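Chemist: my questions are about this predicted structure, shown below with the sequence.
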Amino acid sequence: AGLHRLWKRFAVDLLKLKPGHVVLDLSGGTGDIARLLVKRFPGQNRVLVSDINAQMLWRGRDRALDAGLVDGLEYVQGNAEALPFASASIDRVTMGFGLRNVTHKDLALAEIARVLRPGGRVAVLEFSTVKTPLLSRAYDFYSFQVIPRVGKLVTNDSDSYRYLSESIRVHPGQEELKAMMEGVGLE
């Protein structure tokens, strides 16, 4: 129902972005978060959009151009497990719904910690499992029965939506992810 848009705005708010910041939007794909970031202080921040998928990057670039957003946006194809940025060169890092697609999450988190300047902030948006048993069953039904069918109706692609549900199930839970982040020096 579009709730992910509110979560993205909330994540950007948590960054406490200031003019002059260098921001890395990992798994930036279609550029939704990057566009929110660059609008905060137009022309005053450097927003690096990085994704392993070139087609997604170019789609995001096209969307930004269509919205008249050019200043401050840069596009870098790269792997989150081996970032092409200098150590301690980034003030803020975002990653919206991409960490669960990274094969070696520990490497990606270590890379985020490496490129982040002291005092920097990270906002990772990701789906997680539901802990309440009754809600968990309802969520599983919705995820594995409803979402793929809606995907089939809207985009003629149920497989991508089934993958979404499956990838959420194998992604680390909130406490495990917190421990992984702390394990690489993030707090």
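Modeler: Received the coordinates, thanks.

Chemist: residue ranges with poor pLDDT in this structure?
Modeler: Residues of the chain that meet the criterion pLDDT under 70 lie in 1, 161, 163-170.

Chemist: for it, just list every one of the helices.
Modeler: Using DSSP state H, the helices of the chain run over 3-14, 32-40, 54-66, 105-115, 133-141, 147-155, 158-170, 174-183.

Chemist: mean neighbour count and distance to Ala86 added to those helices, as TSV?
Modeler: Placement of C-beta: from N, CA and C, glycine included. Listed next are the helices of the chain as TSV, based on neighbours: other Cβ atoms under 10 Å; distance: least, Cβ to Cβ, whole Å:
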stretch	mean neighbour count	distance to Ala86
helix 3-14	14	24
helix 32-40	23	20
helix 54-66	15	21
helix 105-115	20	7
helix 133-141	11	41
helix 147-155	14	39
helix 158-170	14	31
helix 174-183	14	21
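
Chemist: make JSON lines out of the ones you listed and add distance to Ile90.
Modeler: Converted to JSON lines, the helices of the chain look like this (distance: least, Cβ to Cβ, whole Å):
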{"stretch": "helix 3-14", "distance to Ile90": "15"}
{"stretch": "helix 32-40", "distance to Ile90": "12"}
{"stretch": "helix 54-66", "distance to Ile90": "18"}
{"stretch": "helix 105-115", "distance to Ile90": "5"}
{"stretch": "helix 133-141", "distance to Ile90": "34"}
{"stretch": "helix 147-155", "distance to Ile90": "34"}
{"stretch": "helix 158-170", "distance to Ile90": "26"}
{"stretch": "helix 174-183", "distance to Ile90": "16"}
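
Chemist: looking at those, which is closest to Ser89?
Modeler: helix 105-115 (5.8 Å; Cβ to Cβ).

Chemist: now tell me what touches the closest one from outside.
Modeler: 24, 26, 80-83, 85-90, 93, 95, 99, 102, 122, 172, 177, 180-181, 183-186 (Cβ atoms under 8 Å, 6 or more residues apart in numbering).

Chemist: give me the buried entries from those.
Modeler: Neighbour-count burial (16 or more other Cβ atoms under 10 Å) is assigned, among the contacts of helix 105-115, to 24, 26, 80-81, 83, 85, 90, 93, 95, 99, 102, 122, 172, 177, 180-181, 186.

Chemist: to Leu48, which of the helices of the chain lies closest?
Modeler: helix 32-40 (8.4 Å).

Chemist: quick one: contacts of the closest one?
Modeler: With Cβ under 8 Å, 6+ apart as the test, helix 32-40 has contacts from 5, 8-9, 11-12, 15, 17, 23, 25, 28, 45, 47, 49, 60, 63-64, 67, 69, 71-73, 94, 96.

Chemist: report the backbone C-alpha coordinates of that helix in PDB.
Modeler: The C-alpha trace of helix 32-40 is given here as PDB (Å, rounded to 0.1, in the frame of the first residue of the first chain):
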ATOM      1  CA  ASP A  32      14.000   6.700  -4.500                       C
ATOM      2  CA  ILE A  33      16.100   7.400  -1.400                       C
ATOM      3  CA  ALA A  34      18.700   9.300  -3.400                       C
ATOM      4  CA  ARG A  35      16.100  11.700  -4.700                       C
ATOM      5  CA  LEU A  36      14.800  12.300  -1.100                       C
ATOM      6  CA  LEU A  37      18.400  12.900   0.000                       C
ATOM      7  CA  VAL A  38      19.300  15.400  -2.700                       C
ATOM      8  CA  LYS A  39      16.100  17.400  -2.100                       C
ATOM      9  CA  ARG A  40      17.000  18.000   1.600                       C
END
